[in-house]
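Undergrad: have a look at this prediction, sequence included:
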Amino acid sequence: MKISQSGVSEDFLMIVPVYLELEDGRVSQIAHAVMKGSHDLDKSFSVGKLPGTPKRLVANYNYDILSAN
């Protein structure tokens, strides 16, 4: 997975939830990625044995950790 953010302070940390969607429509959160400043994130995740065929990996960079309950 490779994602990037720009226009933020170099001290800014953002925790990005990462989800795996399977072909049958099931979605599971598999990890969190931590992004710092305006640096690109290039990360691999080990997910072990999957319960089905993967369709796509989704990083929810619009997630606002400050508004989560």
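TA: Okay, I see it. Residues are numbered from 1 along each chain as shown.

Undergrad: going by C-alpha atoms from here, please, whenever you check contacts or count neighbours.
TA: Will do.

Undergrad: list the buried residues of stretch 30-48.
TA: 33, 35-38 (16 or more other Cα atoms under 10 Å).

Undergrad: strands - which of the residues you listed land there?
TA: Using DSSP state E, the members of the buried residues of stretch 30-48 that fall in strands are 33, 35-36.

Undergrad: using JSON lines, lay out the residues you listed together with pLDDT.
TA: Putting these into JSON lines (pLDDT from 0 to 100) gives the following:
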{"residue": "33", "pLDDT": "81"}
{"residue": "35", "pLDDT": "76"}
{"residue": "36", "pLDDT": "76"}
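
Undergrad: now do the same contact list for the closest residue to residue 20 other than its chain neighbours.
TA: The shortest distance from residue 20 to any non-neighbouring residue, by Cα to Cα, 6 or more residues apart in numbering, is to residue 57 (4.7 Å). Applying Cα atoms under 8 Å, 6 or more residues apart in numbering to residue 57 gives the contacts 1, 18-21.

Undergrad: so how far is the helix or strand where residue 57 lies off the chain centroid?
TA: Here residue 57 sits within strand 54-59, counting by DSSP states H and E. The chain centre lies 10 Å from the centre of strand 54-59; the measure is Cα atoms, centre = their mean, to the nearest Å.
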